[in-house]
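Visitor: coords please:
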Amino acid sequence: MSTSSIPSVHRCARYTPGHSVHWVQARRSWIDKSISELPRGEIVSMEGEVIVVANEGPLLRYRNHDVDRLRLLIDQHGAEVALHESWHLLKVPIPEGFACICISRDEGVPLEPCVDPTAVPQPTSVEEFVDSTVKFGGANLDLSQLRRRQE
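Guide: Okay, here's the model as predicted:
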């Protein structure tokens, strides 16, 4: 089974740490450091939205809104992960490269609730686009569509 057949369990419009991976985040992390340069760890437990990773130091605790997808990934590809904390990502090595899971450091507080993408109105102005980006930590919109809406 390829990662494309391991869909996200949650449909979520948030791109804040611990929620959906934004394509810019994934791309910039790839440019920033190759996977061979990243520290490695092993997922030792997952409970609720909390993920515990062992590496050379103390156990690391993260949160993610879609732990069921991560569970499917590690069941198929193993519990080893690469840690790219500056981009809030766990990277699970897979035959095609790696799958990105957006993480937030566990501070003992649950993540904000997911937001259904169909409940988020498409922006009709640059101001609405900026507001949506700030509110949800990112956005995906073809800006030429926004330009057409304003005409």
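Visitor: Could you report the pLDDT at Phe98?
Guide: For Phe98, the pLDDT comes out at 89.
Visitor: An error on my part: the question was meant for Leu143.
Guide: Per the predicted model, pLDDT is 68 at Leu143.
Visitor: Same question for Leu73.
Guide: pLDDT for Leu73: 93.
Visitor: What segments of this protein are helices?
Guide: Applying DSSP state H to the chain gives helices spanning 23-32, 67-77, 126-136, 143-150.
Visitor: Not counting residues beside it along the chain, what's closest to the most centrally placed residue in the chain?
Guide: Nearest to the mean C-alpha position of the chain, by CA atoms, centre = their mean, lies Cys102 at 2.5 Å. Nearest non-adjacent residue to Cys102, counting by CB to CB, 6 or more residues apart in numbering: Val21, 4.6 Å away. No exception for glycine: its C-beta is placed from N, CA and C like everyone else's.
Visitor: The one you found reaches Lys91, doesn't it?
Guide: No. Counting by CB atoms under 8 Å, Val21 stays clear of Lys91, with 10.2 Å between them.
Visitor: Mind listing the shared neighbours of the two?
Guide: Residues touching both Val21 and Lys91 by CB atoms under 8 Å, 6 or more residues apart in numbering: Cys100, Ile101.
Visitor: Let me know how buried His77 is, in neighbour terms.
Guide: For His77, the count of nearby residues is 18 (other CB atoms under 10 Å).
Visitor: Paired strands for the strand ranked longest in the chain, with orientation please.
Guide: In the chain, taking DSSP state E as the definition, the longest strand is strand 40-47. According to DSSP bridges, strand 40-47 has the following sheet partners: strand 50-54 (antiparallel), strand 80-84 (antiparallel).
Visitor: Out of those, flag the one nearest Thr118.
Guide: Closest to Thr118 of the strands paired with strand 40-47 is strand 50-54 (CB to CB; 27.4 Å).
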